[in-house]
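>>> what's the 3D shape of this:
(chains A and B)
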Amino acid sequence: MTTPSIGERIKRNEDPRLLTGRALFVDDVTLPDMVHVAFVRSPHAHARLLGIDAAQARQRDGVIAIYTAEDLGDYWQHGPLLVPPPPVKGLVFHERTQVPLAKGKVRHVGEPVALVVAVSRYVAEDAAEEVLVDYEPLPAVVDLERALEPGALLVHEDVGSNCAAHVVQNKGDYEAALAQADVVVRRRFWYDRGASAAIENRGVVAQWDVRAQRLTVWDTTQAPIPVRNGLAAMLGLSEHQVRLVAPFIGGGFGPKIMMFYPEEVLIPWLALRLERPVKWIEDRAENFYATTQERGQLHEAEIALTRDGIILGVKDSFLHDTGAYDPYGLTVPLNSQCTLMGPYRVPAYASEFRAVFTNKTIVTPYRGAGRQHGVFVIERLMDLAARELGLDRTEIRRRNFLRPDEFPHDHVIIYQDFSPLYYDSGNYEPVLDQTLERIGWERFLREEQPRLRAEGRAVGIGIVSYVEGTGIGPFEGARVQVQTSGKVTVVTGVGTQGQGHFTVLAQIAAEQLGVEVANVDVVTGDSDQFHWGTGTFASRGAVVAGNAVNEAAKDVRTKAVRLAAERLGVAEDRIELVDAQARVVGEPKRAIGLGELAKLANPMRGAVKPGTEPGLEATRYFGPFRGATASGCHAMIVEVDRETMQVEIQKYVVVHDCGRVINPLLVDGQVHGGVAQGIGNAFYEQLVYDDSGQLLNASFMDFLLPTSLDVPRVEVGHQETVSPLNPLGTKGAGEAGAIPVGALFSQAVEDALALPGLEILEIPLKPSRLWELALAQEAAR
Amino acid sequence: MKIQGSHTFDAPRERVWRALLDPEVLARTLPGCEKLERVGERDYRGVLNVQVGPVKGQFQGTLQLSDLVPLEGYHMKLDGKGPAGFMNGQGDLRLAGEGGSTTLTYDIDTQVGGRVASVGQRLMESSARSITRQGLEGLARELAAMEDPPAPAVEASPVTPAVSDLPDTPAPVRLAPPVPQVVHPTQTEVAARVAADVARDLVPPQRRLPIIAGALVTLAVLGFLFVRACS
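Below you'll find the model as predicted:
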C-alpha cells in the first residue's frame, strides 16, 4: 500500500542534496572565461553627484571595463513599479523607482554609482576603490516626522514633498463609535528597521551564447519567471531567448523578490555587451545597504471600547518609511493597515497612512511584510485596554474574537491583492485554548510566578493572537508528468527559497497518483522548464502552486485511469491508483504499472483516437479568488535579569491554523524559523541610522542575530480550519512564525518586570533600552 | 561625533602657534599622517592612514584654515575621503595661557561615513580619543625640541607662498629646521596604541585582570593540548 502523503510528517526530498553539498547555488556557477564585477557605491546618504573619474582605475592590470550611468545609454531606465497602487478612492501615490546606476544624485548609502569589470573580483574591488567620485553632500532625510515638515529637504525634488503616498481607508463610522465609548486608549507606537539577513547574499551570473543567441542568467530571485520576462523586454530579446535559473536559494524572506535590483539589470547586459560570462556575488557589507529592508513605521492609534471590553472602533494613523525609492508600491503599508483589525470584531475602523521617502535603503516586504506592525499595534492596544478595564488579557481577546459563524467576514477595506479584505474562515477561540493549555497558563500564574517572584525573580508570561493574509493570486501553474520509469515529475514556475517545495508539491502529486513521495521529482526555478509563474512570496507557494499541482495531478490521474480501464477491460470507476500501479479494486493481481501506462500513452506506431494528447501529462493553472486568512496564537514565558536586562525565553508555544496541513513537519519548520527571526526582530536586530543617514551597524559584529542559545525550542500545535477558497483547503504558513513576536515579547517582558506604569510601545528592544524604560518608571515613582 | 578637549603644553603661546601652522610639524605629530603639504595660503592637502577597529583606510583630504587670529586660534575645515569612506570636520582651535604654559582648546564637529562608520562605529569615539591624545603628545615632543625664539630659519619649502605680507598674519610662517632627535611612533605603533586605548575603554579596570588571566589560562591549556597532540 502506498502510504498516504498529505498530512504526513514526511522528511524533505531535497535535504540529502542540501546536506551533502550537492545542491547548486548561484555562487557555485563558474564558467570558462568568466569576468567579475564590483560596484562603486555611495558612502553618502544624500549627495549631488558632480563627477566620476575612473581614469586611474582603468589603468589597473586586469580591468576590462568601467561603466557609469552615462555609459549605459538608452539602457539606463527606472525600474518597473512591481505593484501598482490599489483602487482606493482619493489615494495618492508617487512612483519613484530605482535606477541601475545613480545619475545626478545619490539617495542612500550603498546606491551604486559605477561598476568595474575585471578578470577577478579582487582586481575589480581594488579598481573600484580607485574610482574617484566627486560628491557634494546634502543633509539627509532620516526622521519620518521631520521629513514631512514644510521646508524639509527633498529626496525627490520633483515630487514636491517627501510624501510618497497617502491612503485613507474607513470601515463604519469611527466618530460615532468613539462617542459611545466608555474607554478610549490612545498611544504612539514605533517599529524600527531590521535586515532579513539571509544566509546567502544575492548574486547574478549571466552568459550570452552568441551562436545560440540565448542568454542564461542564474539569479538569487524568488521570482524567476517575472525576472526572465523583464530582462527579455529590457534587452530586446524574446522571452524564449532568455533562460532564468533560480537554483537553490539560501533564504529569501522577501527581499529577493524585489525586482529589478540594479545588479540584476546590469550583469546580463554586460554579458551581452562583453560576450563573456559575468559574475557578481553580493558581499555581506553590500547586503546591509543594497538589499532591501523593512519595518520603519510610526503609529498613532486608539481603540474605543465599552466598559465590558467590547471593541467599538479602532483608529490608526501611521507613517511608513519607504526608503529612497518605492518600487514595491504600497504592499507593506497596506498589509499593516489590513492586519490591524486582527482576529477581532471591529465595527468601525478609521485608518490612514503616509509613505515617506527617506535617504535610507529601499523598503520592500520582508517576512511578515507590514503585518508585524498591525499585530503589534492592535495587540498592545488590547493589553492596555485590558489593564485599564481590569480585565484578564485572555478574556478581552475572547470577548472580541470573530465567531465561527461570522465567516466569511467582510472587513470592507481593500487588501494588498486589490480585493476587499475578507477573512475566508477561522475559529479563533480553540486556538487560544490550546495555546493556554500548552504553555501552562493557569498553573504559571497561580503557582510558579508567585513562587519565583517571592524568590526575587522577574518572570512573566505573554499571549497574543494574530491573523495573516496568505495565499494571494494572481496564479501559478504546474505540469505533472508520469515518466516511463513510473516516477513522476512536477514542474512549476513558482520558484523556491528553501521552504520545502520539493517535498510539499511532491506530496500533493503523490497523493493523487498513488506513488511514493520520494519518487516525485519537483522542478522549479528554471524558466526553460515552465513558462508561466509569479513567484514565492506572501505565504502563497503551497496554496497557489500547490493547488495548481493538485489540479494537474487530478487530470493525469483521470488519463491514467481511463487508459488502465481500457487496457484491463473494466469500467473506470473500478480502477484505483496504488503503489505506482493502476489496479482493479478488489483484484490486486489485475494491475498495470504507471510507467507502463506512460509508455502506452506515447505509442511509437499505430493509430490513436482523434483528439488524443500524448503522454500521461497535464498542465493546469490555479488562481484563487482572493487570499486566505490564516491565524494563530503565540505564548511565551520569560525571565528578565533585572541587573543586565537580558531576557531569557524559557518556553515558547505556537498554535497555528493554516487550514489543511500538507506536511506538519514542514509547517513546524516554517514556524520555528519564523519565531527565530521574530525573536531577532524583537530583541536583537535593529538597523541604526544616524542623523546623516549613515547605517552605524552594518556588520554582524554589531547587528546581532539571535543564535541557537537565544532561540528556545518551540512547541507547535496545529488546528485545521480549511479554506473554502481552494480545493486543497490550505492557507499559507511561511510568515506566521515571525509576525506576532514583537507584540508577545513586549507583553511578556512587561509582565516579568511588573513595574507599574511600564508600557513597551516600541520594537526592537534591547537590554539597554529596557534599562532606560525601567529607569524612567523608577524615577516616576 | 564631537572631538572636544584641551591640553596644556609647557611652551609659550608663540611657539605653539607657530607649530600649529607648520605643515611639517603637523605631519609629524598627527598620528597616521603620511603627507601634509601646503597648496594655498591656508590650504593644505594630505594623506592620512586611519584604522578604526577592523576598518583600515587611507584618506586623501584637504585642510583649510580660516579666521586666523595670531596667538589666539583659528577655524579649521577638514575634508577627507578614501575607499573606506569619508571624514569631514569643522571646528576651532583656541590658545590661552601666560608665559611658559599654553592651553590648547579644541572643539571639532566631525561627520564620518562609509565603511569606517558602518563597521567601525562602536570603536570610533575611543579611536578618535586615542588618535587625538597621541597627536597632542607628539606635538608636546615637537614643542620641547623646538628652538625659541626661532632662529633665522630657512623658508619652509620652495612651494610655500610667502605669507608674511598678509595683513592678519603678522608672524611670518617660518619653520624651524627639522628636529631629527624627535622620534615619533611609526604607523604600526600608532595603530597598536589605538587598539590598546580602545580595549582599555571597552573593558572596565576591575575586569581587566580576570580577562587577562583567563586568556593566559586558555592559552596555556591550548598549548598543553597542542603539545600533547603533537607528541
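>>> Name the single longest strand found in chain B.
Identified as the longest strand of chain B according to DSSP state E is strand B:55-69.
>>> Any buried residues in whichever helix or strand comes after it, and which?
Sequence-wise, the next helix or strand downstream of strand B:55-69 (DSSP states H and E) is strand B:73-82. Neighbour counts over strand B:73-82 (16 or more other C-beta atoms under 10 Å in any protein chain shown) mark B:Gly73, B:Tyr74, B:Met76, B:Leu78, B:Asp79, B:Gly80, B:Lys81, B:Gly82 as buried. For glycine as for every other residue, the C-beta is placed from the backbone atoms N, C-alpha and C.
>>> after strand B:73-82 comes which helix or strand?
Following strand B:73-82 in sequence order, the next helix or strand is strand B:85-96 (DSSP H and E).
>>> report the angle between the axes of that following strand and strand B:73-82?
Here strand B:85-96 runs at an angle of 170 degrees relative to strand B:73-82 (axes from the mean of the first three to the mean of the last three C-alpha atoms, to 10 degrees).
>>> is strand B:85-96 anywhere near chain A?
Yes - with C-beta under 8 Å from any C-beta of the partner chain as the criterion, chain A is reached by strand B:85-96 at B:Gly85, B:Phe86, B:Asn88.
>>> one step back: in terms of secondary structure, what does the longest strand of chain B contact?
If contacts are counted by 3 or more C-beta pairs under 8 Å, 6 or more residues apart in numbering or on different chains; DSSP states H and E, strand B:55-69 sits against strand B:43-52, strand B:73-82, strand B:85-96, helix B:115-118.
>>> Given the third one, what are its sheet partners and their directions?
What that stands for is strand B:85-96. Strand B:85-96 sits in its sheet next to strand B:73-82 (antiparallel), strand B:102-113 (antiparallel), going by DSSP bridges.
>>> same deal with the first one?
Take DSSP bridges as the rule and strand B:43-52 pairs in its sheet with strand B:33-38 (antiparallel), strand B:55-69 (antiparallel).
>>> and the helix or strand harbouring A:Gln677, what other elements does it pack with?
For A:Gln677, the element it lies in under DSSP H and E is helix A:664-679. Judged by 3+ C-beta pairs under 8 Å, 6+ apart, helix A:664-679 is in contact with strand A:647-657, strand A:714-718, helix A:741-753.
>>> hmm, back to that, top of the residues of strand B:85-96 next to chain A by number of neighbours, please.
Among the residues of strand B:85-96 next to chain A, B:Gly85 has the most neighbours (other C-beta atoms under 10 Å in any protein chain shown), with 25 neighbours.
>>> and that residue, what is it in contact with?
Residues counted as contacts of B:Gly85 (C-beta atoms under 8 Å, 6 or more residues apart in numbering or on different chains) are A:Pro43, B:Val55, B:Gly57, B:Val112, B:Gly113, B:Gly114, B:Arg115, B:Val116, B:Ala117, B:Ser118.
>>> Quick check: closest non-adjacent residue to the last one.
Spelled out, it's B:Ser118. Closest residue to B:Ser118 apart from its sequence neighbours, by C-beta to C-beta, 6 or more residues apart in numbering or on different chains: A:Ala698 at 3.5 Å.
>>> Now do the buried residues in the one helix or strand A:Asp410 maps to.
Using DSSP H and E, A:Asp410 sits in strand A:409-414. Residues A:His409, A:His411, A:Ile413, A:Ile414 are the ones in strand A:409-414 that count as buried (16+ other C-beta under 10 Å).
>>> Looking at those residues, spot the one nearest A:Asn170.
Closest approach between those and A:Asn170, by C-beta to C-beta: A:Ile413, at 7.5 Å.
>>> quick one, what contacts that closest one?
Residues near A:Ile413 by C-beta under 8 Å, 6+ apart: A:Gln169, A:Asn170, A:Lys171, A:Gln337, A:Cys338, A:Tyr349, A:Ser351, A:Pro420, A:Leu421.
>>> Kindly give a single PyMOL line that selects the buried subset of the residues you listed.
The PyMOL command for the buried members of the contacts of A:Ile413 (criterion: 16+ other C-beta under 10 Å) is given here:
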select buried, chain A and resi 169+171+337+338+349+351+421
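>>> Tell me which of the contacts of A:Ile413 fall in helices.
Counting by DSSP state H, the contacts of A:Ile413 place A:Gln337, A:Cys338 in helices.
>>> of all the contacts of A:Ile413, which comes closest to A:Met604?
A:Pro420 (54.5 Å).
>>> In contact with the closest one, which residues?
Shown in contact with A:Pro420 (C-beta under 8 Å, 6+ apart): A:Asp410, A:His411, A:Val412, A:Ile413, A:Ile414, A:Arg626.
>>> Over to A:Arg41?
Contacts of A:Arg41 (C-beta under 8 Å, 6+ apart): A:Val109, A:Gly110, A:Glu111, A:Pro112, A:Val113, A:Glu286, A:Tyr289, A:Ala290.
>>> what's the closest of the residues you listed to chain B?
Nearest to chain B, judged by C-beta to the nearest C-beta, of the contacts of A:Arg41 is A:Val109 at 6.9 Å.
>>> Nice, that's everything, thank you.
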